[in-house]
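**Q** From the sequence below, what's the structure:
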Amino acid sequence: MIRDVGTICPHHQKPMSFAASTVPDAARMVIFEPASRWPDATALVFLYAASERTLTYAQVAHRVRTLSAAFVEQGVRRADRVALRLPHSPEFVVAFFAIIAAGAVPVATSPVLTESEFQWIVADSGARWIAGAPQMRPSESPTDAYEVMLDTVAGALETARPDPAARASVEPEPTGDEPAWMVYTSGTSGRPRGVIHAHRALLAREWMRDGWTGLQTADRLLHAGQLNWSYTMGCAVMDTWRVGATGVLVGFQPEPHQWPQLIRRARATVFAAVPSLYRRILKYAPDGSLGNLPLRHALTAGEALAASLSEAWMNATAVPLYEALGMTECSTYLSSGPATPVRAGSAGRPQAGRRVILLPIDAGTDPVDPHELGVIAIHRSDPGLMLGYHNRAAEEAAMMRGEWFITGDLAVRDDDGYFFTLGRNDDLMNASGYRVSPVEVEDVLRSHPVVADVGVTDVDVGDGVKIICAFVVQVEGTTAGADELATELLAHAARALAPWKCPRRIVFTHALPRNANGKLVRRALAMPDVFSSDG
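**A** Reported below is the predicted structural model:
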């Protein structure tokens with residue numbers, strides 16, 4: 001069920017004070033308090049092709065307490081990192097909060113990571129434990145692998161001694177600025193970096209509810225994402241359960257045309273997804289299927305929402321679509337919502353309680369004027385801001401400018417305080433809402449013997465859609481055809497990278513654009529006049 005993999009690295013903390021009555025505790029706030037208020041209400045629904053799984057708040061709390069007791073019994077201690085190797089399932093949610101309830105720190109990972117990617121995260125995070133089935137290999141069928149992982153967690157639930165105060169009997173409650181969970185996100189240096197969030201992050205999510213989601217107790221929020229993603233765990237579980245609503249997730253891979261039916265089957269009053277899924281739903285949904293949906297409104301984040309897509313969704317459904325801008329380091333902080341009217345082309349305004357400004361791109365701490373381009377910055381006092389990057393002090397320092405955390409997102413602000421984003425000030429790519437480092441993809445492709453040089457960037461293919469594209473210079477003397485080599489390189493990437501990191505297209509070229517110092521100019525890769533291409 002859980003495996004010891006070594007010693008723990010010291011965790012990173014920043015000081016922040018809370019009154020005793022306001023000290024946040026993620027397990028108490030998300031699991032135990034809602035269970036005491038709404039024990040028989042439906043907390044979680046997982047929809048499958050021909051069935052569903054449902055848990056009440058009382059059932060969730062019992063499972064979290066039981067599994068937490070099992071973790072403590074096996075030796076998990078306060079601040080230990082526990083890497084999750086579990087499928088998108090109710091067990092992921094239970095394990096995530098059981099680890100927190102045991103006083104430890106879950107490290108959320110995607111089940112589709114390759115084994116080498118997962119083991120790198122285990123080593124980098126200093127995880128002492130792995131919860132799930134570390135023996136899972138990509139060569140196994142998903143069904144077999146998932147059954148193994150579910151059995152390990154289910155076995156612990158059957159054998160552990162239920163203890164209503166599993167953590168309290170071992171450790172005191174955490175302070176608001178102690179680490180609560182950890183998730184990995186791409187950085188410009190190549191390898192993903194571990195983002196450490198504190199229990200206090202739950203306080204900032206209250207601002208998100210008021211400024212974006214508008215969730216109420218009677219709501220049923222259907223989320224299209226995976227639980228290892230902050231967007232999904234945040235909206236479908238943390239935000240939903242704080243108000244006693246129902247989180248609905250999908251345990252299979254629906255086709256785009258199936259989503260209107262799933263929205264109705266879920267009796268969803270709120271739907272959350274990335275813009276690219278909304279675009280596919282509009283394209284493939286059967287005629288007439290988008291009318292009279294049970295939704296009060298819909299949410300989108302992870303990618304920029306094109307004004308044309310927002311308009312097309314509203315015309316087809318008559319359902320408001322509220323956008324938010326955020327990042328793993330701080331979740332969402334700009335948004336439109338029930339109390340903030342949508343403005344075409346804008347991600348919205350800073351949520352009440354947030355201190356968000358635009359600073360000069362390269363230096364300075366004086367805000368730029370309205371309608372002037374700047375980089376979005378969040379004040380370091382924001383409780384939703386990460387504690388820091390795990391063992392990446394230099395990268396963390398580079399993101400700070402005085403009292404401000406520099407997000408890297410470029411924008412302009414109008415006279416009413418709406419922000420209009422204009423891309424990023426670095427080379428990070430966006431793939432279906434996940435940030436991807438081009439360096440990580442380049443390193444994998446460069447290891448193939450036919451690749452002499454490579455540059456990777458995301459390319460706009462129209463209508464706001466971007467795909468990851470690799471520009472490759474072949475080793476001299478390569479005789480294979482371009483199509484054959486492209487297929488081989490795509491397969492090579494797929495063996496080493498999670499699906500969302502893999503390039504969708506290979507372009508062969510004679511040279512890559514570089515500056516006078518020899519540094520690759522990734523922004524120029526997709527410009528046809530910079531270099532000649534073979535196709």
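**Q** so where is the stretch 101-250 of the chain shaky, pLDDT-wise?
**A** 133-174, 187-190 (pLDDT under 70).
**Q** Break down it into its strands, ranges please.
**A** 105-108, 129-132, 179-185, 193-198, 220-223, 246-250 (DSSP state E, counting those that start in this stretch).
**Q** out of those strands, nearest to Gly481?
**A** Closest of those to Gly481 is strand 179-185, at 37.4 Å (criterion: CB to CB). (C-beta placed from N, C-alpha, C; glycine too.)
**Q** Contacts for that closest one, please.
**A** 11-13, 26, 79, 81, 96, 100, 105-109, 121, 125, 174, 192-199, 201, 228, 230, 327-329, 387, 390, 435 (CB atoms under 8 Å, 6 or more residues apart in numbering).
**Q** Can you give the strand pairings for it, parallel or anti for each?
**A** strand 105-108 (parallel), strand 193-198 (antiparallel) (DSSP bridges).
**Q** would a markdown table of these with distance to Arg505 and mean neighbour count be doable?
**A** Formatted as a markdown table, the strands paired with strand 179-185 follow (distance: least, CB to CB, whole Å; neighbours: other CB atoms under 10 Å):
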| stretch | distance to Arg505 | mean neighbour count |
| --- | --- | --- |
| strand 105-108 | 30 | 26 |
| strand 193-198 | 27 | 24 |
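**Q** Now render these as CSV, adding distance to Phe71.
**A** Output for the strands paired with strand 179-185, formatted as CSV (distance: least, CB to CB, whole Å):
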stretch, distance to Phe71
strand 105-108, 10
strand 193-198, 19
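**Q** re earlier: how about the strands of the stretch 101-250 of the chain, which one is nearest His379?
**A** Using CB to CB, the nearest of those to His379 is strand 193-198, at 15.7 Å.
**Q** now Asp40, nearest residue through space, not along the chain?
**A** Thr56 (5.6 Å; CB to CB, 6 or more residues apart in numbering).
**Q** Please determine how far the one you found is located from Gly234.
**A** Look at Thr56 and Gly234: by CB to CB, to the nearest Å, they are 21 Å apart.
**Q** For these two, indicate the residue with more neighbours.
**A** Per other CB atoms under 10 Å, whichever of Thr56 and Gly234 has more neighbours is Gly234, with 24 against 17.
**Q** before we move on, back to that, out of the strands paired with strand 179-185, nearest to Leu249?
**A** Closest among the strands paired with strand 179-185, once you apply CB to CB, is strand 105-108, at 14.5 Å.
**Q** Give me the contact list for the closest one.
**A** 11, 79-84, 95-96, 99-100, 121-122, 125, 127, 131, 179-184, 194, 196, 227-228, 233.
**Q** after the strand or helix carrying Asp458 comes which helix or strand?
**A** For Asp458, the host element (DSSP states H and E) is strand 451-462. Using DSSP H and E, the next helix or strand after strand 451-462 towards the C-terminus is strand 465-474.
**Q** hang on, Pro275 packs against Ser308?
**A** No: the pair Pro275 and Ser308 fails to qualify as a contact (CB atoms under 8 Å) at a distance of 10.8 Å.
**Q** Which one's more surrounded, those two?
**A** Using other CB under 10 Å, the more surrounded residue of Pro275 and Ser308 is Pro275, with 23 against 13.
**Q** Now do the end-to-end distance for stretch 407-418.
**A** Between the opening and closing residues of stretch 407-418 there is a gap of 17 Å (CA to CA, to the nearest Å).
**Q** What of stretch 420-438?
**A** 25 Å.
**Q** do the same with stretch 179-191
**A** OK, stretch 179-191 end separation, CA to CA: 22 Å.
**Q** nearest to Lys466, of the strands of the stretch 101-250 of the chain?
**A** With CB to CB as the yardstick, what comes closest out of the strands of the stretch 101-250 of the chain is strand 179-185 (17.8 Å).
**Q** from the middle of its chain, how far away would the closest one be?
**A** Remark: strand 179-185 is offset 11 Å from the chain centroid, using CA atoms, centre = their mean, to the nearest Å.
**Q** cool, and stretch 454-461?
**A** 21 Å.
**Q** correct me, but Thr54 touches Thr42?
**A** Yes: Thr54 is within contact range of Thr42, at 5.9 Å (criterion: CB under 8 Å).
**Q** out of these two, which sits in the busier spot?
**A** Thr42 (17 against 14).
**Q** Kindly state the beta-bridge partners for the more buried one.
**A** Beta-bridge partners of Thr42, as defined by DSSP bridges: Thr56.
**Q** Bridged to Thr300, which residues?
**A** Ala273, Glu323.
**Q** Distance check, it against Val248.
**A** Remark: distance between Thr300 and Val248 (CB to CB) = 17 Å.
**Q** For this protein, give me the ranges with low pLDDT.
**A** In the chain (pLDDT under 70), the answer is 1-24, 133-174, 187-190, 432-433, 463-464, 515-519, 527-535.
**Q** Look up how far Glu442 lies from Glu476.
**A** 20 Å.
**Q** now do Arg401
**A** 28 Å.
**Q** Neighbour count: those two, which is higher?
**A** Glu442 (23 against 16).
**Q** List the contacts of the more buried one.
**A** Val454, Gly455, Val456, Ala470.
**Q** Repeat the analysis, applying 10 Å as the threshold.
**A** By CB atoms under 10 Å, 6 or more residues apart in numbering, Glu442 lies in contact with 190, 451, 453-457, 470-472, 503, 520, 522.
**Q** any idea which residue sits dead centre in the chain?
**A** Taking CA atoms, centre = their mean as the criterion, Trp229 is the residue nearest the geometric centre of the chain, at 3.1 Å.
**Q** Let me know whether it touches Thr328 as I believe.
**A** Yes: at 8.8 Å, Trp229 and Thr328 qualify as touching, with contact defined as CB atoms under 10 Å.
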